[in-house]
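1. what shape does this take:
(2 chains)
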Amino acid sequence: MSESTFGSYGGQYVPEALMPALEELEDAYERYVLENEDGFVDEFRERMRDFGGRPTPLQRADRLSERYDSEIYLKREDLVHGGAHKLNNALGQVLLAKYMGKERIIAETGAGQHGTATAMAAAHLDMPCEIYMGRTDVNRQRPNVYRMRMNGAEVNPVEAGRGTLKEAINETMRDWATTVETTHYVIGSVVGPHPFPTMVRDFQSVIGEEAREQIRGQAGRLPDSVVACAGGGSNTMGAFHAFVDDEDVSLYAVEAGGSSLEIDEREGVAPNSATLSTGTDGVLHGAMTKLLQSGDGQIVESHSVSAGLDYAGVGPELSHLVETGRVTPVNVDDEAALNAFHRLSRLEGIIPALESAHALGHVEEAHEDLGDLVVVNVSGRGDKDLETVLEETEKRDLGAAPDVEVFDS
Amino acid sequence: MNTDSEIERAIRENHPALITYLTAGDPSLEETKAYVEALDRGGADLIELGLPFSEPIAEGPTIQAAINRALEAGTTPERFFELVDDLEVEAPLLVMTYYNMILQYGSGAEPRSAERDATEPQNGPDPEPFVERAAETGLAGIIVPDLPAEEAAPLRAACDERGLDLVFIVAPTTNGERLDRIMSQASGFAYVQARLGTTGARADVSSATHDSLARLEEYDVPKAVGFGVSEGEHAREIVEAGADGVIVGSALIDIVAESETPVADLEAKACELKGGAERGANAPEPEQP
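-> Residues are numbered from 1 along each chain as shown, chains lettered A, B, ... in the order given. Here you go, the predicted structure:
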């Protein structure tokens, strides 16, 4: 049996009705993913190549390297089919569900990136698919809702609470508790009960495995630092996993600092998603991990300008790696992330996801501490964020923003 | 394990038992007090009180809404315990809540600000202070819908220390090996989940109920069936199928949310359910499913 915890984090805190499904999933994960039974891993790699576009390049960022007087390399997960690393996990899990003989796929989504990746994977593998998405997110991410519908997925708006990712996960778990015998829940990050955090990490770890080989080929050595943004933490663990045993490589998990790091306990709101930096230990969505919560144990609403980082929990393995000191949690606020978004667009011709812009924002703020050779994971592309960026840029006086006076006002 | 269980005794002595659930603080703690006393008068033999948690993943829409009302009314663990302390009822009381609420109580964990040193020591999450306070207020047991047997050892130990029962849920998907693992830790009664899914009133009794009760027959602990029970007729069928008790929640919360005379209606509903259960126990021949 695989370990269900990472130090004191992880575990399986779910209703009894789901436990047999987790046992079944753990068994399937061990047989197909770890032991390549029936050639699962070969088929997964082949599909990630032909359908997903892997491997992705590791690109030297010439102008950023000049700006920071060091070697900056970008791992281009924005070039994966769908525009983000999310497909690595979604395709892996939908394929696994198929090997397990499941008939139906369900998934939660926040901003819609995991939902669209799951819908694409389900269409590709011809599986019926339903996505749960908070009402607020449905309304503010209309293009992603259309994309999911176009790929044939049902989209179920969740009216509860503030109508974001946390509520979508709750509702997907409720569906799963009802339909568990025929349905697989494709969780979107390295969160949830065992074996999800381990399994999702394994599907995502191709990011770091490729980057590690590529940097050795292109720069002749391992990097001094790897920098990745962290919400739930799937691109983070994906980028870090291959480097965890390389003790000389520093690992930085960049969280959303939002507008402030303080929690408003009375309102139950944290204007940030800096769980690793400011959270306390507790149980949410099936795992013991670091959480944004009140002293009584109520989960608070998180916030970030980047919807993909907007979550009050974080993967248990990241909590453990932070606790042991292997991963350093840092955070970048909304404004610095927006500036980094504009900067990469202009200097390198790459429009990054707002999530990834947090990682780039940290390089801007702390490049002197990162060493001479740095790998930054560009977890996704930013086309999806243009509306938000336009709106948020207008509210601020951002140094790196372009002049858009070309429009009639 | 709790060998002198107040809960087990209450079920056996009042067989077939009526177990009722309400969310504490819905719509206020004062009203909850009046409602619980009404259920007690109406014939409830055990009363579960929900301590609201912001992420109730096992609940259907009815109890989710009740939990939201309770949280909006400012229900905190401390006020919850004060209510329990205050209640004057014959039926033993259980608390039903999610594991994070139990872990955080008295942990001294506060949200850290960036200025505070992240390595600053604080008490880790620990179920002990919650159980200690629960015992102090006279609660007889605990039910935690997101705590499977695999993760229950710390809470089980704390409950044993204080003489509280820890009630486990048995699901329709629970197979033989898991059943043994659960029943080796369970005390008070076995909470038989009548169907897959979340809590909520339904119009019929599922066949899964009969299967679950049959699988539990060999275990010497009272069996009570919940999830979807809303009428006296359901109670009759369930008891006839071999249950020692029925558990009703969402149907009572509908009364709390909609009735203009909730106290009288809750008492009447408890009476109806208890009557149904008793008819089931007096049925001459057990009906085949």
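2. what number of residues lie near residue 13?
-> In the absence of a named chain, this looks at chain A. 26 (other Cβ atoms under 10 Å in any protein chain shown). Every residue, glycine included, has its C-beta placed from N, CA and C.
3. other chain: chain B
-> B:Glu13 has 9 nearby residues by other Cβ under 10 Å.
4. where does it land on pLDDT?
-> We have a pLDDT of 96 for B:Glu13.
5. B:Gly245 versus that one, what's the distance?
-> 12 Å (Cβ to Cβ, to the nearest Å).
6. same deal with A:Asp78?
-> Taking Cβ to Cβ, one finds A:Asp78 at 58 Å from B:Gly245.
7. show me what the helix ranked longest in chain B is packed against.
-> Counting by DSSP state H, the longest helix found in chain B is helix B:262-282. Packing partners of helix B:262-282 (3 or more Cβ pairs under 8 Å, 6 or more residues apart in numbering or on different chains; DSSP states H and E): strand B:17-23, helix B:29-42, helix B:232-240, strand B:245-248, helix B:250-258.
8. of A:Asp78 and B:Gly245, which one has the most company?
-> Taking other Cβ under 10 Å, A:Asp78 and B:Gly245 do not tie; B:Gly245 has more neighbours (27 against 23).
9. isn't that one up against B:Lys223?
-> Yes: judged on Cβ atoms under 8 Å, B:Gly245 makes contact with B:Lys223 at a distance of 7.5 Å.
10. any residues in contact with both of those two?
-> B:Phe189 (Cβ atoms under 8 Å, 6 or more residues apart in numbering or on different chains).
11. that older thread, could you export the helices and strands packed on helix B:262-282 as JSON lines, including mean pLDDT and distance to B:Gly276?
-> Output for the helices and strands packed on helix B:262-282, formatted as JSON lines (pLDDT from 0 to 100; distance: least, Cβ to Cβ, whole Å):
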{"stretch": "strand B:17-23", "mean pLDDT": "98", "distance to B:Gly276": "9"}
{"stretch": "helix B:29-42", "mean pLDDT": "98", "distance to B:Gly276": "13"}
{"stretch": "helix B:232-240", "mean pLDDT": "94", "distance to B:Gly276": "3"}
{"stretch": "strand B:245-248", "mean pLDDT": "97", "distance to B:Gly276": "8"}
{"stretch": "helix B:250-258", "mean pLDDT": "97", "distance to B:Gly276": "12"}
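12. and these as TSV, adding distance to chain A?
-> Formatted as TSV, the helices and strands packed on helix B:262-282 follow (distance: least, Cβ to the nearest Cβ, whole Å):
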stretch	distance to chain A
strand B:17-23	14
helix B:29-42	15
helix B:232-240	19
strand B:245-248	15
helix B:250-258	14
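13. so what's the residue in the stretch 1-150 of chain A that chain B sits nearest to up against?
-> As assessed by Cβ to the nearest Cβ, chain B sits closest to A:Ala17 within the stretch 1-150 of chain A, at 3.7 Å. A:Ala17 makes contact with A:177, A:180, B:169, B:171-174, B:193, B:196-197 under the criterion Cβ under 8 Å, 6+ apart.
14. let's verify it: helix, strand, or coil?
-> With DSSP: H, G, I helix; E, B strand; the rest coil as the basis, A:Ala17 sits in helix.
15. pLDDT value on it, please?
-> Confidence score, pLDDT, at A:Ala17: 92.
16. burial measure for the closest residue to it other than its chain neighbours, as a count.
-> Distances taken as Cβ to Cβ, 6 or more residues apart in numbering or on different chains put B:Ala171 closest to A:Ala17, at 3.7 Å, once the chain neighbours are dropped. When neighbours are defined as other Cβ under 10 Å, B:Ala171 has 27 of them.
17. my guess is A:Gly134 contacts A:Glu167, does it?
-> Yes: counting by Cβ under 8 Å, A:Gly134 touches A:Glu167, with 5.0 Å between them.
18. who touches both of these two?
-> Between them, A:Gly134 and A:Glu167 share these contacting residues under Cβ under 8 Å, 6+ apart: A:158, A:161.
19. and the pLDDT for the residue of the stretch 101-250 of chain B found nearest chain A?
-> Chain A sits closest to B:Gln104 of the stretch 101-250 of chain B, with a gap of 3.2 Å, by Cβ to the nearest Cβ. For B:Gln104, the model assigns a pLDDT of 97.
20. where are the low-confidence patches of chain A?
-> A:1-2, A:407-409 (pLDDT under 70).
21. tell me which residue is most central in it.
-> A:Ser234 (4.2 Å; Cα atoms, centre = their mean).
22. all strands of the chain, in order?
-> Since no chain was named, I'll use chain A. A:5-6, A:9-13, A:58-60, A:71-76, A:104-109, A:129-134, A:154-158, A:183-185, A:225-229, A:250-258, A:280-284, A:286-291, A:327-333, A:373-378 (DSSP state E).
23. oops, I was thinking of chain B
-> B:17-23, B:46-50, B:93-96, B:141-143, B:165-170, B:190-193, B:223-226, B:245-248.
24. and the contacts of the longest one?
-> Put plainly, it is strand B:17-23. By Cβ under 8 Å, 6+ apart, strand B:17-23 touches B:10-11, B:32, B:35-36, B:39, B:43-50, B:52, B:63, B:66-67, B:69-70, B:96, B:222, B:224, B:226, B:235, B:244-249, B:252-253, B:256, B:270, B:273-274, B:277.
25. ok, now the second one?
-> The contact list for strand B:46-50 (Cβ under 8 Å, 6+ apart) reads B:7, B:10-11, B:17-24, B:32, B:36, B:39-40, B:63, B:66-67, B:70, B:80, B:83-84, B:89, B:91-97, B:143, B:245, B:247, B:249.
26. could you tell me which of those residues count as buried?
-> B:7, B:10-11, B:17-24, B:32, B:36, B:39-40, B:63, B:66-67, B:70, B:80, B:83-84, B:91-97, B:143, B:245, B:247, B:249 (16 or more other Cβ atoms under 10 Å in any protein chain shown).
27. quick one: contacts for B:Pro125?
-> A:281-283, A:288, B:100, B:103-104, B:107, B:109.
28. number of residues surrounding A:Arg346?
-> 14.
29. cool, and A:Leu390?
-> 11.
30. could you pull up phi and psi at the closest residue to it other than its chain neighbours?
-> The spatial neighbour of A:Leu390 that comes closest, neighbours along the chain excluded (Cβ to Cβ, 6+ apart), is A:Val404 at 7.9 Å. A:Val404 has phi and psi values of phi -120, psi 30 when expressed as degrees, to the nearest 10.
31. then B:Ala243?
-> According to degrees, to the nearest 10, B:Ala243 has phi -80, psi 150.
32. ok, it - contacts?
-> Here B:Ala243 is in contact with B:16, B:192, B:209, B:213, B:223-225 (Cβ under 8 Å, 6+ apart).
33. 10 Å - rerun?
-> B:16-17, B:189-190, B:192, B:194, B:209-210, B:212-213, B:216, B:222-226, B:229, B:235, B:237, B:277, B:280-281 (Cβ atoms under 10 Å, 6 or more residues apart in numbering or on different chains).
34. of these, buried ones?
-> B:16-17, B:189-190, B:192, B:194, B:209-210, B:212-213, B:216, B:222-226, B:229, B:235, B:237, B:277, B:280.
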